[in-house]
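Participant: could you work out the structure for the sequence below:
(one chain, ligands or ions: 1)
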Amino acid sequence: MLDVNGLNTFYGRAHILHDVSLSVSRGEVIALLGRNGAGKSTTMKTVMGLVRPQSGTVRFRDTALQNRPAFAVCREGIGYVPEERRIFADLTVLENLEVGRRPPRDDAPQWSEEKLFALFPNLAERRHNLGGHMSGGEQQMLTIARTLMGNPLMILLDEPSEGIAPVIVEQMAKTIMALKSEGLTVLLSEQNLHFARAVADRAYIIEKGTIRYDGTMSELEAHPEVREKYLAL
Ligand SMILES: Nc1ncnc2c1ncn2[C@@H]1O[C@H](COP(=O)(O)OP(=O)(O)OP(=O)(O)O)[C@@H](O)[C@H]1O
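Facilitator: Just a heads-up that it's a prediction; the model follows:
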């Protein structure tokens, strides 16, 4: 569904991504693993058209996306949840969701507020609360829920477990599994191998902007030396 090939991305003169290639098939949950500063966010931003690659291609269902602006990438059906949660602090939970509403697509799971409240019970209880009054974990859930209101075919989640309480991390893993069972395709970035283990089918490991490893989660289990070399354990 998503095919990224040979991406080279620079910030100014700093060469950040080196020939990054990865692919995600329909219905898969794929983890992009790596330590702080390895290039996970830059990979996502490049796919989303927020940062322009100097070379390489991004194809989504046979449409070339490289060098397309972010709004066009969203319109093709890719939703993006950045690391810094971007909720509207002075809108209620319901209003935040309404902002994300886009027309349904025939070939993507369709979401309504009620369906999302079933998936995120914490948000249901607080539907009339202001976004700014929610905890970090709830804001993270709200950002994901608002992205789903756009009825995407695929979502990119940048470090969904970062900076949230352990009990919410567990809920987050369950939510991602529920999204997968709805047929949504997911690419998530993580430093937390434990979280990735719980949700992902396959993983890529990135270090210094280079993909060092790819394989199924069980293959990664069988290679402790890879985990030790490239991941925070
Ligand atoms: N806007 C920017 N300008 C210059 N350098 C940047 C910029 N954003 C990120 N970098 C650098 O690019 C490299 C990759 O950063 P990136 O944010 O993609 O890493 P990451 O794997 O997502 O890690 P993190 O968990 O810290 O976000 C780092 O060395 C970082 O310092």
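
Participant: so, low pLDDT: which residues of the protein?
Facilitator: Where the chain drops to pLDDT under 70, the residues are 233.

Participant: tell me the contacts of the residue nearest the centre of it?
Facilitator: Central residue of the chain (C-alpha atoms, centre = their mean): residue 157, 1.6 Å from the mean position. Contacts for residue 157 were tallied using C-beta atoms under 8 Å, 6 or more residues apart in numbering; they are 81, 144, 176, 186, 187, 188, 189. Every residue, glycine included, has its C-beta placed from N, CA and C.

Participant: and if we set it to 6 Å?
Facilitator: 81, 188 (C-beta atoms under 6 Å, 6 or more residues apart in numbering).

Participant: go on, the one 3 residues further on?
Facilitator: For residue 160, the residues meeting the contact criterion (C-beta under 6 Å, 6+ apart) are 172, 188.

Participant: roughly how far does it sit from residue 107?
Facilitator: 24 Å (C-beta to C-beta, to the nearest Å).

Participant: do the same with residue 133
Facilitator: Taking C-beta to C-beta, one finds residue 133 at 37 Å from residue 107.

Participant: cool, and residue 47?
Facilitator: Counting by C-beta to C-beta, the gap from residue 47 to residue 107 is 20 Å.

Participant: next SSE after the top helix by length along the chain?
Facilitator: Longest helix of the chain, by residue count under DSSP state H: helix 166-181. Heading C-terminal from helix 166-181, the first helix or strand you meet, by DSSP states H and E, is strand 185-190.

Participant: hmm, who's touching that following strand?
Facilitator: So strand 185-190 is contacted by 1, 24, 26-27, 29-33, 40, 154-160, 196 (C-beta under 6 Å, 6+ apart).

Participant: how about stretch 70-85?
Facilitator: 48-50, 60, 63, 65, 139-140, 143-144, 147, 150, 152-159.

Participant: who in this protein is up against the ligand?
Facilitator: 11, 14, 16, 34, 36, 37, 38, 39, 40, 41, 42, 83 (C-beta under 6 Å from any ligand atom).

Participant: which two of the residues you listed have the greatest separation?
Facilitator: 14 and 83 (19.3 Å; C-beta to C-beta).

Participant: the two - which one has more neighbours?
Facilitator: Between residue 14 and residue 83, counting by other C-beta atoms under 10 Å, residue 83 is the more crowded of the two (16 against 8).

Participant: hang on, that one in a helix?
Facilitator: No - Residue 83: not assigned to a helix; according to DSSP: H, G, I helix; E, B strand; the rest coil it is coil.
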